[in-house]
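Asker: model this:
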Amino acid sequence: MKALTRLYIIIFFVFIAVFFTLKAEAQKYTRNALSVYVLNKGGQYDNDIVRASKNIQVPDKFDNNLLKNRVLSVPNNQAYILSELQKEKVASQIVSKWFMRDSITGMFNMELVHNRGLYDATSDEMAKASAKKIGIATLMDAGESLVNKSYIFVLAFEIF
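Answerer: Residues are numbered from 1 along each chain as shown. Predicted coordinates:
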């Protein structure tokens, strides 16, 4: 009898340890946003590459943060690329896109942030939020935490 009780206690603690291990490992998926640039290095095919850059589409796995200008005219060197991104104020453009900044009035609109916040919520979070008075608004505002999940992807083509 004592052996069976000990076995049940051991199984219980193993179950608890596995449960908390799995819970700790389960990470919430957050949807990243992507901006894409192409390097224009002044090569033979750069006109074709620049034209093709206008047709770049962001895969459905990411939020689309494509900007109007998608071409960087610098050498394929990290320092030059970073310098050009800073000079063109790409980070500010991305934040402006997130908050739908009106270039004339300077006013912001939270619609895109709210939509991305809702899209990022799990069905369990949606169910819990629906039961609360300000729950959905909280999920919408959670979109603000996704802004730091914006990435810039720079393509450099080499012709051999």
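Asker: low pLDDT regions in this protein?
Answerer: Judged against pLDDT under 70, the low-scoring parts of the chain cover residues 1-29, 159-160.
Asker: quick check, central residue of it?
Answerer: Nearest to the centroid of the C-alpha atoms of the chain, with distances taken as C-alpha atoms, centre = their mean, sits Asn32, at 1.5 Å.
Asker: you'd agree that one is up against Pro59?
Answerer: No - with contact defined as C-beta atoms under 8 Å, Asn32 does not reach Pro59; the gap is 10.6 Å. Backbone N, C-alpha and C define where each C-beta goes, glycine included.
Asker: kindly format the C-alpha coordinates of the host helix or strand of Gln86 as PDB.
Answerer: Assessed by DSSP states H and E, Gln86 sits inside helix 78-87. Coordinates of the C-alpha atoms in helix 78-87 are reproduced here as PDB (Å, rounded to 0.1, in the frame of the first residue of the first chain):
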ATOM      1  CA  GLN A  78      26.700  46.700 -44.100                       C
ATOM      2  CA  ALA A  79      28.000  50.100 -43.000                       C
ATOM      3  CA  TYR A  80      26.900  51.800 -46.200                       C
ATOM      4  CA  ILE A  81      23.500  50.100 -46.000                       C
ATOM      5  CA  LEU A  82      22.900  51.100 -42.400                       C
ATOM      6  CA  SER A  83      24.000  54.700 -43.100                       C
ATOM      7  CA  GLU A  84      21.600  54.900 -46.100                       C
ATOM      8  CA  LEU A  85      18.700  53.500 -44.000                       C
ATOM      9  CA  GLN A  86      19.400  56.200 -41.400                       C
ATOM     10  CA  LYS A  87      19.800  58.900 -43.900                       C
END
